[in-house]
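Undergrad: Give me a model of this one.
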Amino acid sequence: MGLIFLFVLGAALGWLATVVGDSRRSRNLMRNLGVGILGALAGGLLFDPLIGGGGLLAGSYRIESLLLALIVSALALFSVNLLHRSEIR
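TA: As a prediction, the model looks like this:
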C-alpha cells in the first residue's frame with residue numbers, strides 16, 4: 001500500500017508542477033510526472049530509512065516519512081524544471 005501511495009503522491013506533485021509552471025505540452029507533463037514519482041520513491045524508500053524511519057513499504061506511515069517523500073519529490077521537480085529552463089535560454 002505504501003508503494004501505491006508514493007506513486008500517487010509523486011504523480012500528484014508532478015501534475016501540480018505542470019499546472020503551476022503553466023507548461024501545456026504533453027512532454028512536460030510526462031517529464032514532471034516521472035520526476036515526481038521518482039522523487040517520492042527516493043524520499044520514501046531510500047532517504048526515510050537512512051534517517052531512522054521504518055520505511056513506507058513496511059507499513060510505517062509516519063507523518064515524517066510522508067513529508068520527507070513530499071519534500072524530496074518537490075526538490076527533484078524544482079531542480080529538473082530549473083535545469084530545463086536554463087537549457088532553453
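Undergrad: going forward, measure contacts between C-alpha atoms and count neighbours the same way
TA: Noted.
Undergrad: which one's the longest helix in the chain?
TA: The single longest helix within the chain, with elements called by DSSP state H, is helix 63-88.
Undergrad: So the spatially most central residue of the chain versus residue 35, what's the distance?
TA: Among the residues of the chain, the smallest C-alpha distance to the mean C-alpha position (CA atoms, centre = their mean) belongs to residue 73, namely 2.6 Å. Summarising the geometry, the distance separating residue 73 from residue 35, computed by CA to CA, to the nearest Å, is 7 Å.
Undergrad: got any residues that touch both of those two?
TA: Common neighbours of residue 73 and residue 35, using CA atoms under 8 Å, 6 or more residues apart in numbering, are residue 10.
Undergrad: returning to what we had before: for the longest helix of the chain, which positions count as buried?
TA: The neighbour-count criterion (16 or more other CA atoms under 10 Å) identifies 65, 66, 68, 69, 70, 72, 73, 74, 76, 77, 78, 81 as the buried residues of helix 63-88.
Undergrad: Same check on stretch 4-14?
TA: Of the residues in stretch 4-14, those buried under the neighbour-count criterion (16+ other CA under 10 Å) are 5, 6, 7, 8, 9, 10, 11, 12, 13, 14.
Undergrad: Pull up the gap between the first one and residue 70, please.
TA: If I follow you right, that is residue 5. For residue 5, the distance to residue 70 - CA to CA - is 11 Å.
Undergrad: Kindly report the same for the last one.
TA: Remark: distance between residue 14 and residue 70 (CA to CA) = 11 Å.
Undergrad: and if you look at the third one?
TA: The span separating residue 7 from residue 70 equals 11 Å under the rule CA to CA.
Undergrad: Common neighbours of the two, please.
TA: Any residue near both residue 7 and residue 70 by CA under 8 Å, 6+ apart counts here, and that gives residue 40.
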